[in-house]
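# Sequence and computational prediction follow.
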Amino acid sequence: MSVSVEEIRNGHAWDSWESAWNTLLSQSPYDLPFMRHEWISIWSRCFADQGDRVTLMATDGDELLFGLPLMESRVGRGPITLRMINSATNSHSFKHHFLCKPERPDAMEAVWRHLHNRRDWHMLLLAYVPLGHPDLTQFLDAASRWGHATSIKPMYDSAILPISGTWDEHLGTLKKSFKKTMRRQDNRLKELGQVRLEVLSDRSEILEALPEAWEIERRSWKGEACSAIASQPQLVQFYSQLADAA
């Protein structure tokens, strides 16, 4: 068994790995939609400068063992310029990870050997990576073995409401004053009009409804802050293409 590491910079070369990429992802503990080949492709088209995009891939023959989508960038100027390798992420990525075949730790070692030998970068920064998984520990351990310092900085904690039993049983544990406030708010909403749940499954109907969804979001505080999807053509393109692909 021999591991080869390749840097994929060409869009056509990246496209040719779609089936193998999604197959390896389906075998991963982090089978996230944000790591599917389609998501990464659309994200890259909408947010990435194609000249700076690189995907590290470790293979054994035609078998994909490891994959990590990255972006190369520079921070600062002159003698204090940092050459960065960043995960292909931004605030619309939600979660990110690398793909790695569990029974082939030699692939991760080969990737770090490749990175170490490049010597043209100062920092590798992976964002939105879930903590606590053995793959991440192995990745950091491999970095240390090749002489690279590592650090973890938590970004945020997800808001979680733990519920045991049914929803009605949970409501029974809430304070009377809180439930009274909920009923009052519910009645005020009903005075504004009937609330209906509409589920669209036809592709053309979904694409037609998207502008209405953008408009609803724009009417919130995001419209004034210019952070709504409708405020940025780049985001309209990104989420429209995601909806179409999904």
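Good, I have the coordinates.
# Could you pull up the residues touching the closest residue to Gly67 other than its chain neighbours?
Distance criterion CB to CB, 6 or more residues apart in numbering; nearest residue to Gly67, sequence neighbours excluded, is Leu99 at 4.1 Å. Just so you know, the C-beta spots here come from the backbone N, C-alpha and C atoms, and that holds for glycine as well. Leu99 makes contacts with Trp21, Leu24, Leu25, Ser28, Met35, Leu64, Phe66, Gly67, Leu68, as judged by CB atoms under 8 Å, 6 or more residues apart in numbering.
# now the strands for this protein?
4-8, 53-60, 63-75, 82-87, 99-100, 123-125 (DSSP state E).
# Distance check, the residue nearest to Gly67 against Glu224.
40 Å (CB to CB, to the nearest Å).
# quick revisit: quick one, which of the strands of the chain is packed in tightest?
strand 99-100 (a mean of 24; mean count of other CB atoms under 10 Å).
# In its sheet, which strands sit next to that strand, and in what direction?
Sheet pairing for strand 99-100, assigned by DSSP bridges, gives strand 63-75 (antiparallel).
# what's the closest of the strands of the chain to Leu161?
strand 82-87 (29.0 Å; CB to CB).
# which strands and helices sit next to that closest one?
Under the contact criterion of 3 or more CB pairs under 8 Å, 6 or more residues apart in numbering; DSSP states H and E, strand 82-87 touches strand 63-75, strand 123-125.
# Gly193 and Arg218: what is the separation?
19 Å.
# which one of the two has more residues nearby?
With neighbours defined as other CB atoms under 10 Å, Gly193 and Arg218 compare such that Arg218 has more, 16 against 7.
# Tell me if I'm right that the more buried one and Ala228 touch.
Yes. Arg218 lies in contact with Ala228 (CB atoms under 8 Å); the separation is 4.2 Å.
# Determine the set of other helices and strands touching the lowest-mean-pLDDT helix or strand in the chain.
Counting by mean pLDDT, DSSP states H and E, the chain has its least confident helix or strand at helix 167-171, which shows a mean of 88. With contacts defined as 3+ CB pairs under 8 Å, 6+ apart, helix 167-171 has no helix or strand neighbours.
# got the buried residues for that helix?
The neighbour-count check on helix 167-171 (16 or more other CB atoms under 10 Å) flags nothing as buried.
# can you offset everything so residue one is 55?
All right, first residue 55 from here; so that's helix 221-225.
# what's the burial count for the residue nearest to Ser147 when sequence neighbours are not counted?
Nearest residue to Ser147 in three dimensions, chain neighbours excluded: Tyr182, at 5.3 Å (CB to CB, 6+ apart). Neighbour count of Tyr182, defined by other CB under 10 Å: 17.
# For Tyr182, what are phi and psi?
Backbone dihedrals for Tyr182, given as degrees, to the nearest 10, come out at phi 60, psi 30.
# How much space separates it from Pro216?
Applying CB to CB to Tyr182 and Pro216 gives a distance of 23 Å.
# now swap in Val253 and tell me
28 Å.
# now Glu262
Here the criterion is CB to CB. By it, Glu262 lies 39 Å from Pro216.
# One more: Arg128?
Arg128 is 44 Å from Pro216, where distance means CB to CB.
# Now do the residue nearest to Phe292 when sequence neighbours are not counted: how many residues are near it, please.
With CB to CB, 6+ apart as the criterion, Phe292 has its nearest non-adjacent residue at 4.1 Å, and that residue is Cys100. Neighbour count for Cys100, taken as other CB under 10 Å: 19.
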